[in-house]
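# sequence plus the predicted model coming up.
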Amino acid sequence: MWALRKGEHEAAIDIKAVPGIGAEIVLTVDSELRKTRLFRSHEQAELVGAIADMRATFEAKGWA
């Protein structure tokens, strides 16, 4: 979905469909899994908000 870089490091957010349940946000830093969160199908607004919040948090720390 997006990737930000700071020096030699990279943080990325990916969205993976979870059939019959919804979607999962996967955060990796330097290709290592850091955090996942599952969103049910009815939580689409929360999913979009979580993606935006995570990106804003990294950008505030100097990631671009």
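Great, that's in hand.

# now do stretch 43-51: everything it contacts.
1, 2, 13, 15, 22, 23, 25, 37, 39 (Cβ atoms under 8 Å, 6 or more residues apart in numbering). For the C-beta atoms, the positions are set from N, CA and C on the backbone; glycine is no exception.

# who wins on neighbours among these?
Counting neighbours by other Cβ atoms under 10 Å, residue 39 leads the contacts of stretch 43-51 with 20 neighbours.

# wait, doesn't that one sit right on residue 24?
Yes. Counting by Cβ atoms under 8 Å, residue 24 is a contact partner of residue 39 at 7.2 Å.

# confidence score at the residue sitting furthest away from the middle of the chain?
Centroid-distance maximum for the chain: residue 20 at 20.6 Å, with Cα atoms, centre = their mean. pLDDT, the model's per-residue confidence, is 94 for residue 20.

# pretty sure it sits in a helix.
No. Counting by DSSP: H, G, I helix; E, B strand; the rest coil, residue 20 is not part of a helix but coil.

# and the contacts of stretch 43-51, which two are the farthest apart?
2 and 22 (19.6 Å; Cβ to Cβ).

# for the most centrally placed residue in the chain, give me phi and psi.
The residue lying closest to the centre of the chain (Cα atoms, centre = their mean) is residue 13, at 3.3 Å. The phi/psi pair for residue 13 (degrees, to the nearest 10) reads phi -120, psi 130.

# count the neighbours of the nearest residue to residue 28 once chain neighbours are set aside for me.
Residue nearest to residue 28 in three dimensions, not counting chain neighbours: residue 12, with 5.1 Å by Cβ to Cβ, 6 or more residues apart in numbering. Number of residues near residue 12 (other Cβ under 10 Å) recorded here: 16.

# so residue 12: helix, strand or coil?
Under three-state DSSP, the three-state class of residue 12 is strand.
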